[in-house]
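> Have a look at this fold, sequence not included:
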Ligand SMILES: Nc1ncnc2c1ncn2[C@@H]1O[C@H](COP(=O)(O)OP(=O)(O)OP(=O)(O)O)[C@@H](O)[C@H]1O
């Protein structure tokens, strides 16, 4: 019995998809038109249908409707041409589980099939190493490849440092974890330093570090000069020294005296490099990550695997995700709190409404902080010690924050 049915009018392509899937352990079959697809479906009841939108004489969307009515157990993945976003959205509204953009690499077809099959069995949730990076976009594939390559290192001793660069919430820390696990084969032995902490807290954390195999510098661009010097001393002292992974939202500049990264530190972290794209540049990952998060939450609560309605899927697909994967994770976790019967509906997907934000225009804490520092410096006529007293923080902390905001005392 074919668990996957490929409906594609180009027979050569259909055959190569089927043989690729078979080599990866699926039983698969193909049909080249709607009539034979219907016969096969009635005979074999496939669990997954990969349906080309453009079938010679036949309309892929009409065939999708037929599947929904006659073979409701089958999950349908619609293959659309490049730029056919409206078709993809219509297919999702009509109940397609997901879509692939042609020409889709065969690995993407297999990855989606594997994802859905695993998903059905509630497996695939305990991810480790590069598999932590959920997604089937070419960007997600490239990230997994980069993790595997950089984790290999260059022989015995600590691996060369790796800098992970990307916008907020895009998954930089997840990639650091994936790197560490792939390199060491274990989740243990990784210490994380949050570089945005106050300088005295950073000093305390550094003093506690004994000998991790990997040290992750999270948000390394926030690390003040004092802390950087202390870190370098620590790295020289530790034997064996840990492998370094640093994450940052902005590119790192060598120090110029008051800011930046000390060259010795910069050269030890900026050897390997991974660029993490924003989620809007890998929209093909949105539904997969959403389902992964929902499954994880459900499993932790001992609930069955949740399902998303077509309306919920479309909403997820059409949103811009300026807060990246972190925003998506938060959205799904909230949806899971709202749903009661294992069905995530459109109304459960509460998206951050940019226009509402603009209407109320509440300043962020960062904006408030910046304006308070500016005001204090203005009142103290640029005297940093006086400004620090006014703000109720130490001179060092104020200096650190001024560097963070690129401010100078006048
Ligand atoms: N490809 C992915 N697959 C599944 N989950 C992901 C993926 N990328 C990120 N996440 C999840 O998204 C959330 C945010 O990721 P993470 O904390 O790694 O982002 P970040 O870029 O380090 O954030 P920040 O900019 O705040 O430091 C986490 O819950 C993480 O597990």
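The structure has been received and is ready for your questions. Bear in mind the structure is a predicted one, so any value in this text is a computation, not a measurement.
> Any stretches of this structure with poor pLDDT?
1-2, 82-83, 115, 117-126, 153-157, 353-363, 409-410 (pLDDT under 70).
> Closest approach to the ligand from it, which residue is it?
Closest approach between the chain and the ligand, counting by C-beta to the nearest ligand atom: residue 171, at 2.7 Å. Any C-beta I mention is one placed from the backbone N, CA and C, and that applies to glycine too.
> Return the backbone torsion pair for that residue.
When read as degrees, to the nearest 10, the backbone of residue 171 gives phi 110, psi 20.
> got it, and residue 370?
Phi and psi for residue 370, reported as degrees, to the nearest 10, are phi -60, psi -40.
> Break the protein down into its structural domains.
As assigned by automatic domain parsing, the chain contains the domains 1-121, 131-275, 365-404.
> what's the burial count for residue 264?
By other C-beta atoms under 10 Å, the residues close to residue 264 number 14.
> likewise residue 93?
13.
> ok, it - contacts?
Each residue near residue 93 by C-beta atoms under 8 Å, 6 or more residues apart in numbering is listed here: 310, 311, 314.
> most surrounded residue in those residues?
Ranked by the number of neighbours (other C-beta under 10 Å), the contacts of residue 93 place residue 314 first, at 19 neighbours.
> what about residue 184, neighbour count?
Residue 184 - counted by other C-beta under 10 Å - has 17 other residues nearby.
> Please name the nearest non-neighbouring residue to residue 128.
Sequence neighbours aside, residue 181 is the residue nearest to residue 128 in space, at 5.6 Å (criterion: C-beta to C-beta, 6 or more residues apart in numbering).
> give me the element the one you found is part of.
According to DSSP states H and E, residue 181 maps onto helix 172-184.
> same thing with residue 315?
Residue 315 belongs to helix 310-318 when assigned by DSSP H and E.
> Identify the residues contacting that helix?
Helix 310-318 has contacts (C-beta under 8 Å, 6+ apart) with 88-89, 92-96, 283, 286-287, 290, 308, 328, 331, 335, 344-346, 348-349, 351.
> now do 7 Å
Helix 310-318 is contacted by residues 89, 92-95, 283, 286-287, 290, 344-346, 348-349, 351 when judged by C-beta atoms under 7 Å, 6 or more residues apart in numbering.
> For PyMOL, what selects the buried ones among these?
PyMOL command restricting the contacts of helix 310-318 to the buried ones, with burial defined by 16 or more other C-beta atoms under 10 Å:
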select buried, resi 89+92+94+95+283+286+287+290+344+345+348+349
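> In strands, which of the contacts of helix 310-318 appear?
Those of these mapping onto strands are residue 344, per DSSP state E.
> any idea how far residue 166 is from residue 177?
Relative to residue 177, residue 166 is positioned 14 Å away (C-beta to C-beta, to the nearest Å).
> and if you look at residue 193?
Distance, residue 193 to residue 177, by C-beta to C-beta: 14 Å.
> I'd like to know which elements the helix or strand just after the helix holding residue 181 is packed against.
Sequence-wise, the next helix or strand downstream of helix 172-184 (DSSP H and E) is strand 190-194. Secondary-structure packing of strand 190-194 (3 or more C-beta pairs under 7 Å, 6 or more residues apart in numbering; DSSP states H and E): strand 214-218.
> Quick one: list the elements packing against the helix or strand following the strand it packs on.
Using DSSP H and E, the helix or strand that follows strand 214-218 in sequence is helix 225-237. Applying 3+ C-beta pairs under 7 Å, 6+ apart, we find helix 225-237 packed against helix 199-208, helix 263-269.
> Show me how far the shortest one is from its chain's centre.
Going back to what we said before, that points to helix 263-269. Relative to the mean C-alpha coordinate of its chain, helix 263-269 is positioned 27 Å out (C-alpha atoms, centre = their mean, to the nearest Å).
> Adjacent strands (with direction) for the next helix or strand after that helix?
Counting by DSSP H and E, the element after helix 263-269 in chain order, helix or strand, is strand 272-275. Applying DSSP bridges, strand 272-275 is found paired with strand 162-165 (parallel).
> what does the strand it pairs with rub up against?
For strand 162-165, contacts defined as C-beta under 7 Å, 6+ apart pick out 150, 172, 175-176, 179, 245-248, 251, 269-276.
> name the element residue 5 belongs to?
Going by DSSP H and E, residue 5 is in strand 4-7.
> Return the set of buried residues in that strand.
Those would be 4, 5, 6, 7, for strand 4-7 by 16+ other C-beta under 10 Å.
> Report the two of these separated the most.
Farthest apart among the buried residues of strand 4-7 by C-beta to C-beta are 4 and 7. That separation is 10.6 Å.
> so what sits against both of these two?
Contacts common to residue 4 and residue 7, judged by C-beta under 7 Å, 6+ apart, are residue 50.
> For this structure, what lies in contact range of the ligand?
133-135, 166, 168-174, 247, 289, 292, 325-326, 329 (C-beta under 6 Å from any ligand atom).
> between the helix holding residue 181 and strand 190-194, how big is the angle?
For helix 172-184 against strand 190-194, the angle by axes from the mean of the first three to the mean of the last three C-alpha atoms, to 10 degrees is 160 degrees.
> Give me the residues contacting helix 172-184.
Residues outside helix 172-184 that contact it (C-beta under 7 Å, 6+ apart): 128-130, 132-133, 143, 147-148, 150-151, 153, 159, 162, 164, 166, 187, 190, 213-214, 216, 218, 245, 247, 274, 276.
> swap in stretch 325-344?
169-171, 279, 286, 289-290, 293-294, 297-298, 303-304, 306-309, 312, 321, 348-352.
> and stretch 303-322, how far apart are its ends?
End-to-end distance for stretch 303-322: 30 Å, by C-alpha to C-alpha, to the nearest Å.
> buried ones in it?
By 16+ other C-beta under 10 Å, the buried positions in stretch 303-322 come out as 306, 308-317, 319, 321.
> Do a quick rundown of the helices in the stretch 1-150 of the chain.
11-23, 34-44, 60-70, 85-93, 106-120, 138-152 (DSSP state H, counting those that start in this stretch).
> neighbours of residue 102, just the number please.
Residue 102 - counted by other C-beta under 10 Å - has 15 other residues nearby.
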